[in-house]
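Undergrad: I would like to see how this sequence folds:
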Amino acid sequence: MRRRVAREAAILLYTSQEKEFKQAKKRAAEILGARVLPSNLEVAEELDRIADEFEGLERQERLVQMRREALKLMEFLERFNPRLIGSVWRGTARRNSDIDIEVFSADPEEVLEEIRRRNLEVVEVERVTASGNHGVDESTHIYLALESGVKAEIIVRSPEKIGEERLCEIYGDPVRGLGIKE
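TA: The predicted structure is shown next:
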C-alpha cells in the first residue's frame, strides 16, 4: 500500500496537480483510502520512474539543455559563487522542472541588478524564511522565465552560508551542487 501511495503522489506531482511532496502524499493517501504515508525519497523514486516512462530519451536531452542554460546563468553570476542545485544538478529533471541555482550575496538587489542587466525576464521576487538544519534560513528567491521556455530560480543566500552543509528534504543527503568549473 505504501508503494501505491508513493506512486499516486508521484503522479499528482508529475501532472502538476500538486506542487509539494507533503500535500501530494496526503492527497494520494486520501484518494486510496490509506493511512500510511511514504517517505519523500519513496515518492521521488516513483516520480523518477514515471518521468522515464513518459519522457524516454527526450528527458536526457532536456537535462543536457538545462545544464547548458544553467552554466550560462552561472557564468554571469560568477561573482556571487553560484552553485547548481535541485533536479538539474541531480540529473532527475523532468518536464516542468526548473533550474535551481543558489548564489551568495549580502545584498539580493545586486543579484537582481545583474540579472536585469542581462535582460532576463524576472517573473517574481520572493523573500523566504524557513527552518533548516542550522536554525532559521532567510533567502531571496528570484524566479526567471528564460527565452527557451525553461524556468529558473535563483536563490540568494547570505555569504555566511557559503560552505554550510544543508540536507535535502527529499533525499536526506547533503546538498552539494555544482560550481562553474565542475
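
Undergrad: Check which residues of the biggest helix by length in the chain are buried.
TA: What stands out as the longest helix in the chain, according to DSSP state H, is helix 57-76. Of all the residues in helix 57-76, those buried under the rule 16 or more other C-beta atoms under 10 Å are Arg59, Arg62, Leu63, Met66, Arg67, Glu69, Ala70, Leu73, Met74. In this view, the C-beta of every residue, glycine as well, is placed from N, C-alpha and C.

Undergrad: Mind pulling up the pLDDT for Ser131?
TA: Listed pLDDT for Ser131 reads 73.

Undergrad: how near is it to Ile180?
TA: 30 Å (C-beta to C-beta, to the nearest Å).

Undergrad: re earlier: can you give me how far the longest helix of the chain is from the chain middle?
TA: 14 Å (C-alpha atoms, centre = their mean, to the nearest Å).

Undergrad: Begin at 27 from now on, thanks
TA: With 27 as the first residue, the last one maps to helix 83-102.

Undergrad: ok now the helix or strand just after it, how far from the chain's centre?
TA: On the C-terminal side of helix 83-102, the nearest following helix or strand under DSSP states H and E is strand 109-111. In terms of C-alpha atoms, centre = their mean, the gap separating the centre of strand 109-111 from the centre of its chain is 9 Å.

Undergrad: Going by contacts, tell me the helices and strands next to the next helix or strand after strand 109-111.
TA: Sequence-wise, the next helix or strand downstream of strand 109-111 (DSSP H and E) is helix 112-116. If contacts are counted by 3 or more C-beta pairs under 8 Å, 6 or more residues apart in numbering; DSSP states H and E, helix 112-116 sits against helix 83-102, strand 125-130.

Undergrad: partner residues bridging Lys177?
TA: Assessed by DSSP bridges, Lys177 has beta-bridge partners Ala171.

Undergrad: Distance check, it against His167.
TA: Taken as C-beta to C-beta, the span from Lys177 to His167 is 12 Å.

Undergrad: Now stretch 137-155 - C-alpha only, CSV.
TA: This file holds the C-alpha atoms of stretch 137-155, laid out as CSV (Å, rounded to 0.1, in the frame of the first residue of the first chain):
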residue,chain,number,x,y,z
VAL,A,137,22.0,39.9,-7.9
LEU,A,138,18.7,41.3,-9.3
GLU,A,139,20.5,44.2,-11.0
GLU,A,140,23.0,41.7,-12.6
ILE,A,141,20.0,39.6,-13.9
ARG,A,142,18.2,42.7,-15.2
ARG,A,143,21.4,43.9,-17.0
ARG,A,144,21.2,40.7,-19.0
ASN,A,145,17.6,41.5,-20.0
LEU,A,146,16.2,38.3,-18.4
GLU,A,147,12.5,38.2,-17.6
VAL,A,148,12.0,38.4,-13.8
VAL,A,149,8.7,36.8,-13.0
GLU,A,150,8.7,37.2,-9.3
VAL,A,151,10.9,38.0,-6.3
GLU,A,152,10.1,36.5,-3.0
ARG,A,153,11.7,36.7,0.5
VAL,A,154,11.6,33.2,2.1
THR,A,155,12.1,32.3,5.8
